[in-house]
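> For reference, the sequence and a predicted model appear below.
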Amino acid sequence: MRSIISLVGFAAGVSGFSFTTKTANQNVLSRPTTVANLPSRTITASPRYGASSLSTQLSMMMDMEVIECDVAIVGGGPAGCTCALYTSRADLKTVILDKNPAVGALAITSHIANYPGVDKAMTGQELLDQMREQAIEYGADYRRSQVFMIDCEDGDGQSYSKTIYTPDATIKARSLVLATGAMGRVSPPFPGEEEYLGQGVSYCATCDGAFYRDAEVAVFGMNLEAMEEAMFLTKFASTVHWITPSEPRADQDEHAAELLAMPNVKQWPKTRLLEVEGDVSGVTGVKVLQKGSDPEEHTITVEGAFIYAAGGGSKPITDFIQNKVEFKECGGVLVNEDMETSVKGVFAIGDIRNTAFKQVVVAASDGCISAMSIDKYLKGRKSVKVDWIHQ
């Protein structure tokens, strides 16, 4: 039986409980647990979490920080950092929300040989670090945080008509930039993954980790994101089952070494994830296959499954956007020549547009164009103002 404040039949995009909000000027919107500061709420708890957990989460929601800014940028890659550099130089209060600076397309590039003015020995991570630091030096507020939801409506450049939700804060912005890239998974979901999404399957440990206090959870994946999320879960879960398709090299990877040293981490090397299992209460386990001379299937009993499949995908990362802006048939966000989407004051730049030109220099160019367009939009100009004047 559900622990209910007000019943609503809803399956969230993340684990735990969720609520539906309706205001005078909005349709019904489905939101995860941490959304706050909205006019009216209807909340339902997941079966496995009792009233005490629900009250704790409600308290956290009410205490959430609210940040107001001129420009909110979701994504800290070359497009987002370039945009932030320009908007900060234009004295616009800019907040960058970056899930992980080490997992984007540029960050995992070993060497940069075709970016103008850059030594060919420079790594993608080094170039990205410089871009980020340059934006911060000019005043950008850089935050490590995952965005799980946005609300936006046509703006006038003056009101805070864009709202961005993270586990740590709610951002109110006069303009919004979508710059999350195109590293999304293109492989099909595992059996049971979609069925139990929001009922134990999650892609965000910082959003949902607290729900699994003293419970067993599984983390599938071997990339940096998977290791960081698994480490976060060790603060709550009694056991974190780390499932990897190959053997982690603790002698070469400090993140793997740190994770394996945790007393509540059980490692399953050379193991494939086959299926997420569950019942009406949510996830009950994950079925895996251990490789070796005598491959054997196991079911690991867990209450949560955090899935971080291997990177390298090319799908635009747009799940947090839902249907708030228009998309192209190819899945990219539709923009005009100013990089503005179908919603006034919302811009999209870089690989999230899903063009054929997935290059760092193109992403940086998008960032520049959007920043100048934002400056024009917020200040009510009819034309862009450039950083220099030719004499």
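Yes, it's here.
> Would you enumerate the residues in contact with the residue nearest to residue 325 when sequence neighbours are not counted?
Using Cβ to Cβ, 6 or more residues apart in numbering and skipping residues adjacent in sequence, the residue nearest residue 325 is residue 341, 4.2 Å away. From N, CA and C alone the C-beta is placed, and that goes for glycine too. By Cβ atoms under 8 Å, 6 or more residues apart in numbering, the residues touching residue 341 are 178, 325-326, 333-335, 347-348.
> Now do the helices in the stretch 201-350 of the chain.
Using DSSP state H, counting those that start in this stretch, the helices of the stretch 201-350 of the chain run over 205-208, 224-233, 254-260.
> By neighbours, which of the contacts of residue 341 wins?
Greatest neighbour count in the contacts of residue 341, by other Cβ atoms under 10 Å, goes to residue 178: 33 neighbours.
> Retrieve the pLDDT associated with the residue lying closest to that one once chain neighbours are set aside.
Excluding its sequence neighbours, the residue lying closest to residue 178 (Cβ to Cβ, 6+ apart) is residue 348, at 4.3 Å. Per-residue pLDDT puts residue 348 at 98.
> Distance-wise, check the most centrally placed residue in the chain relative to residue 228.
Per Cα atoms, centre = their mean, the C-alpha nearest to the average position across the chain is that of residue 146, at 4.0 Å. Using Cβ to Cβ, to the nearest Å, one obtains 11 Å as the distance from residue 146 to residue 228.
> Then residue 91?
Taking Cβ to Cβ, one finds residue 91 at 34 Å from residue 228.
> circling back to that earlier point, list the contacts of the residue nearest to residue 178.
Counting by Cβ under 8 Å, 6+ apart, residue 348 touches 177-179, 325, 333-335, 339, 341.
> Against residue 92, how distant is residue 253?
To residue 92, residue 253 is 39 Å away according to Cβ to Cβ.
> Looking at those two, which has the bigger crowd around it?
Set residue 253 next to residue 92 and count neighbours by other Cβ under 10 Å: residue 92 wins out with 21 against 15.
> Residue 378 is in contact with the more buried one, correct?
Yes. The criterion here is Cβ atoms under 8 Å, and residue 92 meets it with residue 378 at 6.6 Å.
> Identify the contacts common to those two.
70-71.
> which of the residues in stretch 355-369 are buried?
Residues 355, 359-360, 362-369 are the ones in stretch 355-369 that count as buried (16 or more other Cβ atoms under 10 Å).
> Out of these, which sit inside helices?
Those of the buried residues of stretch 355-369 mapping onto helices are 360, 362-369, per DSSP state H.
> Which strand residues bridge residue 97?
residue 74, residue 143 (DSSP bridges).
> And residue 301, by the same measure?
Where residue 301 sits in a bridge, its partners, by DSSP bridges, are residue 285.
> tell me which element the residue nearest to the centre of the chain is part of?
Using DSSP states H and E, residue 146 falls within no helix or strand.
> Residue 131: which element?
Residue 131 belongs to helix 124-137 when assigned by DSSP H and E.
> Was I right to think residue 309 contacts residue 185?
Yes. Assessed by Cβ under 8 Å, residue 309 is found in contact with residue 185 at 5.4 Å.
> Between these two, which has more neighbouring residues?
Taking other Cβ under 10 Å, residue 309 and residue 185 do not tie; residue 309 has more neighbours (20 against 17).
> low-confidence ranges in the chain?
Low-confidence segments of the chain, defined by pLDDT under 70: 1-63, 184, 186, 293, 310-313, 387-391.
> count of neighbours near the closest residue to residue 182 other than its chain neighbours?
Nearest residue to residue 182 in three dimensions, chain neighbours excluded: residue 351, at 3.7 Å (Cβ to Cβ, 6+ apart). Neighbour count for residue 351, taken as other Cβ under 10 Å: 30.
> Kindly report the same for residue 255.
Neighbour count for residue 255, taken as other Cβ under 10 Å: 17.
> That one contacts residue 225, doesn't it?
No. Contact criterion Cβ under 8 Å: residue 255 and residue 225 do not qualify, at 10.2 Å.
> gap between the two ends of stretch 145-159?
One end of stretch 145-159 to the other measures 24 Å (Cα to Cα, to the nearest Å).
> how distant is that stretch from the center of its chain?
Taking Cα atoms, centre = their mean, to the nearest Å, the mean C-alpha location of stretch 145-159 is offset from the chain mean by 15 Å.
> Kindly report the same for stretch 192-199.
18 Å.
> Keeping just the C-alphas, turn that stretch into CSV.
Output in CSV follows, covering the C-alpha atoms of stretch 192-199 (Å, rounded to 0.1, in the frame of the first residue of the first chain):
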residue,chain,number,x,y,z
GLY,A,192,13.4,-4.2,-17.3
GLU,A,193,15.3,-0.9,-17.4
GLU,A,194,12.4,1.1,-18.8
GLU,A,195,9.8,-0.8,-16.9
TYR,A,196,11.3,0.0,-13.5
LEU,A,197,12.6,3.5,-14.4
GLY,A,198,11.5,5.6,-11.4
GLN,A,199,10.8,2.5,-9.4
